[in-house]
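# Provide a 3D model corresponding to the input given below.
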Amino acid sequence: MTRILGIDPGFERLGIAILEKSKQGEKEQVLFSECFKTSSKLIFSERLNLIGAEVKKIIKEYKPEVLAIETLFLTNNQKTVMHVAEARGVVIYEASQAGLKVFEASPPQIKIATTGYGRANKEQIMKMVKILVKIDNKKTSDDELDAIAIALTAFAHIRS
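Now for the predicted structure:
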């Protein structure tokens, strides 16, 4: 049995998912998923503290063996990239403190693992995630579904 914590990193919205696979050939099962939000009214260091505390709580409750987290993509907004990088650092720190192996995947790797196409759009990824795992169709948060896709990518790499 393998459990993976999938994280779609952010500081305003953090996609979090715990997936488990019991036996070879079985579908991965979503044990937990959420879009964790921090308020823009808080100072940035407090937002990072809340992110770290949430990740630590989920690791303690679900006991995953692996953290699967998306690598950063380049954007014109350097302030946003820096903040997301710092949020990633907090998540990776909490995972390594708990002894998790860290698996990082780029957006194209995630697209290939979930859709078979490295230039898939958001809608294609979301559609495939809902096909690949049993999930409540009411779950529509991009961040939450991205976290599931990242965990699925880790499972695909673990298999190969």
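
# contacts and neighbour counts: CA atoms only from here.
Fine.

# I would like the residues contacting stretch 71-87, please.
Stretch 71-87 is contacted from outside by 9, 10, 11, 48, 51, 104, 105, 106, 107, using C-alpha atoms under 8 Å, 6 or more residues apart in numbering.

# mind listing what's buried in stretch 149-160?
For stretch 149-160, the neighbour count (16 or more other C-alpha atoms under 10 Å) marks 149, 150, 151, 152, 153, 154, 155 as buried.

# do stretch 25-43 as well
So stretch 25-43, judged by 16+ other C-alpha under 10 Å, has buried residues 28, 29, 30, 32, 33, 34, 35, 36, 38.

# and what of stretch 1-18?
3-18.

# equivalent analysis for stretch 73-83, please.
81, 83.

# let's have the buried residues of stretch 25-43 in CSV, adding pLDDT.
Shown next, in CSV, are those (pLDDT from 0 to 100):
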residue, pLDDT
28, 90
29, 92
30, 94
32, 95
33, 94
34, 95
35, 95
36, 97
38, 97
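
# show the pLDDT at residue 26.
We have a pLDDT of 77 for residue 26.

# and it, which of the three is it?
Secondary structure assignment for residue 26 (DSSP: H, G, I helix; E, B strand; the rest coil): coil.

# could you check how far it is from residue 145?
Going from residue 26 to residue 145 by C-alpha to C-alpha, to the nearest Å gives 20 Å.

# ditto for residue 88
Residue 88 is 18 Å from residue 145, by C-alpha to C-alpha.

# look at the two and report which has more neighbours.
residue 145 (28 against 25; other C-alpha atoms under 10 Å).

# what's the local residue count around the nearest residue to the more buried one once chain neighbours are set aside?
Once flanking residues are discounted, residue 145 sits nearest to residue 126: 6.4 Å by C-alpha to C-alpha, 6 or more residues apart in numbering. Per other C-alpha under 10 Å, the neighbour tally for residue 126 reads 21.

# ok, and the closest non-adjacent residue to residue 88?
residue 9 (5.8 Å).

# settle this for me: the one you found is touching residue 17, isn't it.
No. Counting by C-alpha atoms under 8 Å, residue 9 stays clear of residue 17, with 11.6 Å between them.

# the chain: strands as residue ranges?
With DSSP state E as the criterion, the chain has strands at 2-8, 13-21, 29-37, 66-70, 101-105.

# tell me how many other residues crowd residue 94.
21.
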